[in-house]
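S.K.: Would you be able to build a 3D model of this:
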Amino acid sequence: MSTEINFRLIATQIGDALKYSTSVNSIDRAAYSILKINKEEFPNPSITSVRAQCLYNWILSLAKTSMESTERLKRLVDFCFELTPEEYKRSTIEFLERNNCPYNLIYKDGIDEFLKRNFHAEVNKHSQRLFVQENYFHAVFESAKAFNKDVKTKSLNEKDGQPLMLNVWASESGVLKVTPCQSQTDKDFQDGIKFISGGLMSAIRNPTAHEPAITWPINRQDCLDILSLISFLYRQLDKAVYFKS
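M.R.: Numbers count the residues shown, from 1 in each chain. Have a look, this model is predicted:
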């Protein structure tokens, strides 16, 4: 059995949590289709529910079966989710996290949706875990905050937020240039980055810094769209050349 995952504890507590919301037939059907192993018996005198004992037997059988560890954990997570009613999914997620199940298996659907956006590496670093945990407010806040910090660092400027962005990205006097700022098109694009960055600070970073999450909700779609914007700006920051006038 895994030295990192306490399958016996998981088997006991999941069995206790789900014993009233499922049946032995449902447990067996889910196990045959998801776990795809043979069930052994692991008598436990402290378990008095037939359904809880059935879950216990299946999970310990999974722990005993020889297979690659990631595949074992994936089957465990899928099995638990298949048997958990929708209204109890959050508590099951939290329980599996507390017991060291990898979050990339627990939140696979969210991770797939996140990764297909191909965000900038800094957006991934600051927001992926928060996004898959459905903490959209803080996923946006952390990425916007990180962008602000990295602009300060590259521009060697102590201003903050919108004043920082309007100062360092300006086509005439700014120190971060993404174009030569020679033609009108160059200047228009440069100033566009300035105003978009300033808008990010005013419309996104500032409210999430000062408003409670409960009164300033950000939904899944808005979160993805905002992170795409921050990712775009991060790529401009990567290209920007420091130019001291």
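S.K.: Can you name the next helix or strand after the least confident helix or strand in the chain by mean pLDDT?
M.R.: Sorting the helices and strands of the chain by mean pLDDT, DSSP states H and E puts helix 103-106 at the bottom, at a mean of 75. Tracing the chain C-terminally past helix 103-106 and defining elements by DSSP states H and E, one meets helix 108-115 next.
S.K.: contacting residues around that following helix?
M.R.: Residues outside helix 108-115 that contact it (Cβ atoms under 8 Å, 6 or more residues apart in numbering) are 104, 124, 128, 131-134, 224. C-beta: built from backbone N, CA, C; applies to glycine.
S.K.: Next step: the residues you listed restricted to strands.
M.R.: If you go by DSSP state E, those have nothing in strands.
S.K.: Give the ChimeraX command for selecting the buried subset of those.
M.R.: Remark: buried members of the contacts of helix 108-115, expressed as a ChimeraX selection using 16 or more other Cβ atoms under 10 Å:
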select :104,124,128,131,132,133,224
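S.K.: I'd like the contacts of helix 108-115 as TSV, with distance to Ser197 appended.
M.R.: Converted to TSV, the contacts of helix 108-115 look like this (distance: Cβ to Cβ, whole Å):
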residue	distance to Ser197
Asn104	32
Asn124	20
Gln128	22
Phe131	22
Val132	27
Gln133	27
Glu134	27
Leu224	19
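S.K.: so how far is the least confident helix or strand of the chain off the chain centroid?
M.R.: 9 Å (Cα atoms, centre = their mean, to the nearest Å).
S.K.: same deal with stretch 204-214?
M.R.: Worked out by Cα atoms, centre = their mean, stretch 204-214 lies 19 Å from the chain centre.
S.K.: Quick check: the nearest residue to Asn104 once chain neighbours are set aside vs Asp222, distance?
M.R.: Closest residue to Asn104 apart from its sequence neighbours, by Cβ to Cβ, 6 or more residues apart in numbering: Ile111 at 5.6 Å. Taking Cβ to Cβ, to the nearest Å as the measure, Ile111 falls 19 Å from Asp222.
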